[in-house]
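Visitor: here is my input; please provide its structure:
(chains A, B and C, ligands or ions: 8)
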Amino acid sequence: MPSPSRRRFLKISAATLGAAAAVPMLHQASPFANAASAAGPGTVTTIPTYCEMCFWKCGGIASVRDGKLWKFEGNPLDPMSRGRLCPRGTGAPGNHYDPDRLKRPLIRSGERGQEQWKTVTWGEALDYVAERMKKIAAEHGPESIALWKHGTGARFFEHVMRAYGSFNKAAPSFAQCRGPRDIGNLLTWGTGLGSPERTDIANARCLVLIGTHLGENMHNTQVQEFAQAIGNGATIICVDPRHSTAASKAKHWLPIRPGTDLALVLAWMHVLVKEGLYDKDFVAKHGHGFDKFATAIAESTPEWAEKETGIAAGVIRETAREMARHRPATLVHPGRRVNWNGDDAQRARAIALLNALLGNWGRQGGLFLAAGMKVAPYPFPKFPEARKPKVDNPDGRWPFADEEVTTGLREATITGKPYPIKGWVVYAANLIQTLPNEKETIEAIKKLDLLVVVETHPSEIAGWADVILPDTTFLERHDDLYVGWGRQGWAALRQPVVPPPDDQKPAWWMAKELANRLGVGEYMPFKDMEEYLAVRCEKSGIDYAKFKREGIVMGPKKPITIEEGAEIAFDTPSGKVEFFSDQLAKAGFDPVPKYTPPEALPAGFYPLVTGRSPVHTFSRTQTNPLLADLVGENEVWINAATAAKAGLKSGQYVRLKNEDGVVSNRVKVKATQRIRPDTLYMVYGFGHTAKGLRRALNKGASAAQLNTRYKVDPLMGGTSIHRNFVTFEKEA
Amino acid sequence: MARFGMVIDTRKCVGCMDCVVACQTENDVPQGHCRDWIVTEVRGTYPTLEMEIRSERCNHCDNPPCVYCCPTGASHVEPFGKTVQVTANRCIGCKACLAACPYGARFVHPEGYADKCTFCLHRVKEGKDPACVSVCPTRCMHFGDLDDPKSEVNRLLGSRKWHTLLPEAGTKPRIFYLD
Amino acid sequence: MLEITTTRHNPFVDPQLAVWGWEIPVYLFFGGMIAGMMILAGIAMLRVARGEDPESFFSVQTPLLGFMLMNVGMAALFLDLAHKLYVWAVYLTFEALSPMSWGSWVLLVAYGILMASALVRIGDSWPWLARTFPIVGRLSAAVETPSRLRLLAFANIGFGIGLGIYTGILLSAMVARPLWNSAILGPLFLFSGLSAAAAMVHLAIRIFPGRPAPQGMVGGAFAAMWQPLGPRAPRAGTENALVRADVGFLGVELVLLALLLLGLVTAGASQIAAAQILISGAYAPAFWGAIVFAGIVLPIALQLLELGHRIPHTVVPALLVLAGGFALRWVLVNAGQASQILQSASR
Ligand SMILES: Nc1nc2c(c(=O)[nH]1)N[C@H]1C(S)=C(S)[C@@H](COP(=O)(O)OP(=O)(O)OC[C@H]3O[C@@H](n4cnc5c(=O)[nH]c(N)nc54)[C@H](O)[C@@H]3O)O[C@H]1N2
Ligand SMILES: Nc1nc2c(c(=O)[nH]1)N[C@H]1C(S)=C(S)[C@@H](COP(=O)(O)OP(=O)(O)OC[C@H]3O[C@@H](n4cnc5c(=O)[nH]c(N)nc54)[C@H](O)[C@@H]3O)O[C@H]1N2
Ligand code: SF4
Ligand code: SF4
Ligand code: SF4
Ligand code: SF4
Ligand code: SF4
Ligand SMILES: [Mo]
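Guide: Residues are numbered from 1 along each chain as shown, chains lettered A, B, ... in the order given. Ligands and ions are numbered 1, 2, ... in the order given. A predicted model of the protein is given here:
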């Protein structure tokens, strides 16, 4: 009888128990208790803090029962969570209890990348880091040490390194994520859309999602508003090669051929202009270069787009008219991670123009004007002048990048040009999984004299480190305030809920200790974060004691839509919405977005596109016991008919091989109707290879590993993630 | 006396499993087990598809076979909310109730007794919603008294078409899914 | 096209119900066989009470064998319990709707009946006991009056039938499992139990046909179970009677099995799917091979040949019947767990 063995289960849980002596969630309920009251409360205290399971930063309230972390729930005062966290936030206690966490500082004892370590004290680890940094600074200058960062905790590392003269830095959240979108919108409206996006999803009468897979993409507030829009009966149009969760809620699902969205958006605009359905008042009042724009898209007919996208011309017309019917409460979501094809800023710009045609700027159900609040900075001494330009974007190679370009920094490290980069400090960015083409990342690492990785987990990037500094999880530390922009400004407090389980230290403490050792201690003049936060609050007129109890302070309410009395203005060179972009023309780019078809597929290959699992964040939660229990590995989605032809069945394992011969770890097939016959899909973040990630090791396949061939957006340096082709290799 | 039930709006549910994670932490559900789970049902052939996503758990059936088959009375109908509950220290772990439940709602707790969703009575007694209901980011779950004609659950049932799971099993489930 | 996925992942529930392994089939098999033995014993006791066939003790002592086998079955049941320390909770209550509760109490009474029945002629079958504990002899004499024997016989028959049917009802009460949810399961298990009982007794007298039995404490106990006639050989005809009975029971069993399948395939989609598990699915080889052919058809054929004196009596048919009886429980318990009410494809 094939049955999951109880003994095996007990063994597994015993092993996990052994590994983490204090894992109360494994076996709490007593056999003598009534199951109905098994969750009998002990002494429960609650502490508000904001979540960092992803970067949305929802306000939450942690419950501590008998001194142990019990659960993490939404803070009703917080405008992001509105009292409800997403599954990853709810699963945050799993991060605290994760037996795979780093526990103590480590210094490499074997070859780089061999993951061999000796445990050291904090003093030894920090002395080692400071000495090496000083050596690099002496030989090459302090700017030859760069910071990779993602997450709130990087704040004081950035600060201390800047004080030391190390101003080179980069984050994967620009070129690998929302960068193309921000630049496309910046070029059009004169401003990016920020995070959280200023999208009034809740009040949209018609919501257009292009790729944006809300419901799987669990950016909490967006998902909540998405459900509100569904509840209000909004018309949803979803463009996705895959029948995403969002597609299942849509009136129109447009299963587009990957990489051809720009053709669709151009055709939509063509219909709106040709049929005179766009917001003529808005365009007349606020548009720049509309006629040239109209001429440029004159050929982009639905019939033309049908050939490119696979979406019937009739459907393109019908959906365009539907959008027009509901304007200005029609919102074409600008997207978040839009680096799909390497020409994404232009697509993002086209989407911005589509929104402009619908006249939804500053409108209810459209793109509202975000409001913020003022919180005084801490009175730090002034930084020394930077002596050289940054290395990541030499000579404005990507002229419209307004943040650092990751692959630029990586390339400079490899080439040593314009000047050598000899040290990396990596804070919470698993570069091996995050950046395209891990080979280049490893090549860069090999050029380094020092790689410091500040991590909670023995991730892939940590495996290459010389020194690993074990960070606390967000539930165990103070961080800087989060001052948010949205419908109303607010500030959120992060404070420790439970002590770190082992010898982990908070990021601010590490930075402060490092500052002392680097001789820039005066840049971290506060005793601890309590003092730092109290000063900021006091200078801003915020009652710190109350803040600690409530976790959130709200800023003033301001009008954010024209309906509420807000005024709109555009910070572009023309002072208007740039339908035709003179700056792009001047820099030699298409002033109105132009479509180029994706390259043809080699026979037998399929484009591999990626997305999110609702219970995981990137490559950082796969060892979280609570979340891994729900989704322990990813699956490769294959259209059922395609699978049948290839002789593949659901549940069977295959390996994916890309056009460069890179073969993935084995991954389960999901044969489904829910995807185009010519496209494969996989959730990103699995396929871990770091030995220390015991629960996640070799579970599923890594989309990043297969992302060897990537295109770089000429406007701003965004790197494509969907431009690799793969085929299957059957597993015996 | 109340008769608790749930109404879940399948149009809003996105299958994010937040309800599952919340139940795990709230109720210390042992790892590798779950009291609630997500089912997706896709009908049709590409590209004409319909998908329903459901958060499922014990239905606290009005006609509960799991209670009828229990030899010890461990599985019983609790007067509070007429919910179906298990008294752990009366349960012998015979698993008849697992076999009797058409919904696969029960499991054997590693400590030996039958376990399942309690409708979070410990929270409901404090006037709160069950953990899964209160966490749901889409607010698609509603908990309340089916015997109170004025309750929100009854209002929703009156306002929309709905279905229950496996009605042919004759169990009279008390979780209703709005179509 | 219907594509269903679930995130549920409870051990023993997913991907399919697997809460009952070998223990419950063993328990059901022994339960059914003991039920059959009680019925056979009851019939024999009635004849003894009437003064007919006073030598035909073959079933008079089977209660002792039944008593011991009952312990084996109960041990299997106990092993299956996941919360063993709480087993006493069964006897704190009587749950009128729970077959298992009924079963628990019926088993308790059956224990008593078996113990009382075991007293009959205990002095003959286990002299050591009667010698060592004179009270046993006195009790034995006390139950051996015709009226008490008759009472005991009716108790054996009544509770035997109850126990036999219960072993089927235990499963058939599960509405959730279409394969089990049939009224035929009770009689099916009853007749299967009877055939197993006949086979078991036949086996006993075949293996130990009246050799002088050991008399001591341990040997005597074994002899009492396995060699119910003590030093006397079974009468000619006893064996034939058993074989004839067995053929009859097996025949009825075959008809009931056919009715079970017929009932399923003529019902809804879930029932058809359930029947398919036996007819052509994962359990088809065991069903057709071990139960229908080796467990019923073949022993019927062999035993008919034996009755027609074309082949000599052997233990082979009895062993086949016993194995088939266990296979029936094992297959039904497992295939039943694999069967479920299906979500209908259209709504
Ligand atoms: N192939 C592919 N690549 C992608 C994407 C994709 O979809 N596919 N998505 C892109 C996008 S949108 C983004 S935003 C980026 C995300 O890029 P990253 O932010 O680099 O993502 P993670 O892989 O989660 O790596 C974060 C690391 O930080 C560690 N960590 C988590 N919490 C803490 C903490 O509190 N302190 C410290 N010190 N460390 C911590 C984790 O263990 C993990 O190893 O990836 C991009 N790269
Ligand atoms: N649960 C969870 N939620 C998250 C995150 C997480 O890690 N986990 N990360 C957060 C972050 S930092 C980001 S940036 C966002 C990313 O989330 P989004 O911006 O919503 O999504 P993308 O990753 O850009 O796109 C994924 C979707 O695009 C579809 N797609 C792929 N190729 C194409 C194409 O050519 N055209 C079209 N139209 N669609 C295509 C895929 O099928 C998939 O449904 O999610 C955020 N939310
Ligand atoms: S969206 Fe989820 S993971 Fe991200 S901050 Fe909010 S609750 Fe945490
Ligand atoms: S939390 Fe809500 S939206 Fe998410 S799966 Fe559960 S019921 Fe559906
Ligand atoms: S769903 Fe199952 S466990 Fe819950 S009451 Fe109904 S039959 Fe019993
Ligand atoms: S396992 Fe426990 S609750 Fe279930 S039927 Fe047996 S005794 Fe009752
Ligand atoms: S009601 Fe409570 S016990 Fe039941 S599924 Fe929801 S959270 Fe879990
Ligand atoms: Mo991102």
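Visitor: make sure I have this right: B:Cys97 is in a helix.
Guide: Yes. Counting by DSSP: H, G, I helix; E, B strand; the rest coil, B:Cys97 is located in a helix.
Visitor: hmm, it is touching B:Cys61, no?
Guide: No. In this structure, B:Cys97 sits apart from B:Cys61 without contact. The criterion is CB atoms under 8 Å, and the distance is 11.6 Å. Where C-beta positions appear, they are placed from N, C-alpha and C, glycine not excepted.
Visitor: so between these two, which is more surrounded?
Guide: When B:Cys97 and B:Cys61 are compared on other CB atoms under 10 Å in any protein chain shown, the one with more neighbours turns out to be B:Cys97, at 28 against 23.
Visitor: so what pLDDT did that one get?
Guide: The pLDDT attached to B:Cys97 in the predicted structure is 98.
Visitor: repeat for C:Ser346
Guide: What the model reports for C:Ser346 is a pLDDT of 52.
Visitor: same question, A:Ala21
Guide: Each residue has a pLDDT score; the one for A:Ala21 is 36.
Visitor: and if you look at C:Leu242?
Guide: pLDDT at C:Leu242 comes out at 89.
Visitor: and if you look at B:His76?
Guide: Residue-level confidence at B:His76 comes out at 98, pLDDT.
Visitor: could you do the one 4 residues further on as well?
Guide: If you check B:Phe80, the pLDDT there is 96.
Visitor: and it, how many neighbours does it have?
Guide: Neighbourhood size, B:Phe80 [other CB under 10 Å]: 15.
Visitor: how about the contacts made by it?
Guide: B:1-2, B:121, B:124-125 (CB atoms under 8 Å, 6 or more residues apart in numbering or on different chains).
Visitor: give me the neighbour count for the residue in chain C positioned nearest to ligand 4.
Guide: When distances are taken as CB to the nearest ligand atom, chain C approaches ligand 4 most closely through C:Thr7, which lies 9.2 Å from it. C:Thr7 sits with 20 neighbouring residues when counted by other CB under 10 Å.
Visitor: what subset of the contacts of B:Phe80 is buried?
Guide: The neighbour-count test (16 or more other CB atoms under 10 Å in any protein chain shown) marks B:2, B:121, B:124 as buried among the contacts of B:Phe80.
Visitor: all helices for the stretch 151-300 of chain A, in order.
Guide: Counting by DSSP state H, counting those that start in this stretch, the stretch 151-300 of chain A has helices at residues A:154-164, A:172-173, A:179-189, A:220-231, A:245-248, A:261-274, A:280-286, A:290-296.
Visitor: ok, and does the longest one reach over to ligand 2?
Guide: Yes. Counting by CB under 6 Å from any ligand atom, contacts between helix A:261-274 and ligand 2 involve A:Asp261.
Visitor: quick check: mean pLDDT across that helix?
Guide: Taken as a whole, helix A:261-274 carries a mean pLDDT of 98.
Visitor: could you do the fourth one as well?
Guide: Confidence over helix A:220-231, taken as the mean pLDDT, stands at 98.
Visitor: who's in contact with that helix?
Guide: Counting by CB under 8 Å, 6+ apart, helix A:220-231 makes contact with A:56, A:58, A:79-82, A:84-86, A:89, A:196-197, A:199-204, A:207, A:214-215, A:217, A:236, A:246, A:249, A:486, B:9, B:11-12, B:14, B:16, B:137-140, all of which sit outside it.
Visitor: among these, which lie within strands?
Guide: If you go by DSSP state E, the contacts of helix A:220-231 have A:207, A:236, B:9 in strands.
Visitor: specify which member of those residues is nearest to A:Glu385.
Guide: For A:Glu385, the nearest member of these is A:Leu207. The distance, counting by CB to CB, is 47.6 Å.
Visitor: any regions of chain C where pLDDT drops low?
Guide: In the predicted model of chain C, residues C:54-59, C:209-213, C:227-233, C:345-347 satisfy pLDDT under 70.
Visitor: so which residues of it form strands?
Guide: Shown for chain C, the strands assigned by DSSP E span residues C:2-6.
Visitor: now for the residue of chain B most remote from its centre: which residues touch it?
Guide: Counting by CA atoms, centre = their mean, the extreme residue of chain B relative to its mean C-alpha position is B:Pro47, 32.4 Å from that point. Contacts here follow CB under 8 Å, 6+ apart; on that basis B:Pro47 touches A:243, A:253, A:255, A:676.
Visitor: surely the residue of chain C closest to ligand 4 is in contact with B:Val21?
Guide: No. With contact taken as CB under 8 Å, C:Thr7 and B:Val21 are classed as non-touching, separated by 11.0 Å.
Visitor: okay, and the common contacts of those two?
Guide: What both C:Thr7 and B:Val21 touch, as defined by CB under 8 Å, 6+ apart, is the set A:Leu630.
Visitor: what's stretch A:512-523 in contact with?
Guide: Counting by CB under 8 Å, 6+ apart, stretch A:512-523 makes contact with A:122, A:126-127, A:129-130, A:133-134, A:156-157, A:159-160, A:163-164, A:380-381, A:383, A:524, all of which sit outside it.
Visitor: buried set for it?
Guide: For stretch A:512-523, burial by neighbour count (16+ other CB under 10 Å) applies to A:512-515, A:517-518, A:520, A:523.
Visitor: take the helix ranked longest in chain B, keep the C-alpha atoms, and write them as PDB.
Guide: For chain B, the helix reaching the highest residue count under DSSP state H is reported as helix B:18-27. This file holds the C-alpha atoms of helix B:18-27, laid out as PDB (Å, rounded to 0.1, in the frame of the first residue of the first chain):
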ATOM      1  CA  ASP B  18      -2.900  33.300   3.400                       C
ATOM      2  CA  CYS B  19      -5.900  31.600   5.100                       C
ATOM      3  CA  VAL B  20      -3.800  28.400   5.300                       C
ATOM      4  CA  VAL B  21      -0.700  30.100   6.700                       C
ATOM      5  CA  ALA B  22      -2.900  32.000   9.200                       C
ATOM      6  CA  CYS B  23      -4.500  28.800  10.400                       C
ATOM      7  CA  GLN B  24      -1.100  27.200  10.800                       C
ATOM      8  CA  THR B  25       0.200  29.900  13.100                       C
ATOM      9  CA  GLU B  26      -3.000  30.600  15.000                       C
ATOM     10  CA  ASN B  27      -3.700  27.000  15.800                       C
END
